[in-house]
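Colleague: Return atomic coordinates for the entry below.
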Amino acid sequence: MWKNKNFTVFFSGQIIAFMGLALYSTSLPFLIIYLDGSASDISGVQSMFIIPQLLILLFGGILVDRLPKKTVIICIDILRGLALFVIATLVFTGNILIWHVYVLTFSLGVVSTIYRPTLKAFLPTIINKNHIHLYFYGEKT
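Modeller: Numbers count the residues shown, from 1 in each chain. A predicted model of the protein is given here:
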């Protein structure tokens with residue numbers, strides 16, 4: 001599986017994207033508290049990530065089936081990176097407000113909702129069907 005160049009490049013990109021979102025998710029409550037937000041603001045921001053999943057997930061699968069999966073994955077990764085860059089820029093310039101966090105978290109929720117079904121549909125195109133379980137469950141020891 002690791003000899004497959006497409007998979008190696010794809011998996012490396014996924015690790016970088018996952019680390020960025022993990023860092024965002026970990027620092028988000030601290031950012032909200034820094035902005036004088038309350039526990040309800042933390043819950044509200046987290047719900048802004050979940051609400052799009054409830055509203056869009058069914059339609060996201062239909063959309064994914066009609067579009068080129070590789071292009072969708074690349075575009076969504078760019079959009080997610082851009083959203084995280086905007087948040088970082090606003091934080092470092094001191095211009096961030098709580099509503100920025102709500103809006104950008106909602107947009108991350110929207111693109112992540114489309115991203116997941118696209119990823120699952122794309123994997124069989126770059127991984128041999130005999131090895132796809134290794135991606136989800138890891139190498140045999």
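Colleague: Just the element for the residue most central in space within the chain, please.
Modeller: The residue lying closest to the centre of the chain (CA atoms, centre = their mean) is residue 112, at 4.5 Å. If you go by DSSP states H and E, residue 112 is part of helix 98-126.
Colleague: Centre of the chain to that helix, how far?
Modeller: How far helix 98-126 lies from its chain's middle: 5 Å, per CA atoms, centre = their mean, to the nearest Å.
Colleague: Show me what that helix is packed against.
Modeller: helix 5-34, helix 39-66, helix 69-93, helix 132-137 (3 or more CB pairs under 8 Å, 6 or more residues apart in numbering; DSSP states H and E). For glycine as for every other residue, the C-beta is placed from the backbone atoms N, C-alpha and C.
Colleague: Save the ones you listed as a markdown table, and put in mean neighbour count and distance to residue 105 too.
Modeller: Shown next, in a markdown table, are the helices and strands packed on helix 98-126 (neighbours: other CB atoms under 10 Å; distance: least, CB to CB, whole Å):
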| stretch | mean neighbour count | distance to residue 105 |
| --- | --- | --- |
| helix 5-34 | 14 | 7 |
| helix 39-66 | 14 | 4 |
| helix 69-93 | 15 | 9 |
| helix 132-137 | 12 | 27 |
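Colleague: Output those helices as TSV; include the columns mean pLDDT.
Modeller: Shown next, in TSV, are the helices and strands packed on helix 98-126 (pLDDT from 0 to 100):
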stretch	mean pLDDT
helix 5-34	87
helix 39-66	87
helix 69-93	91
helix 132-137	66
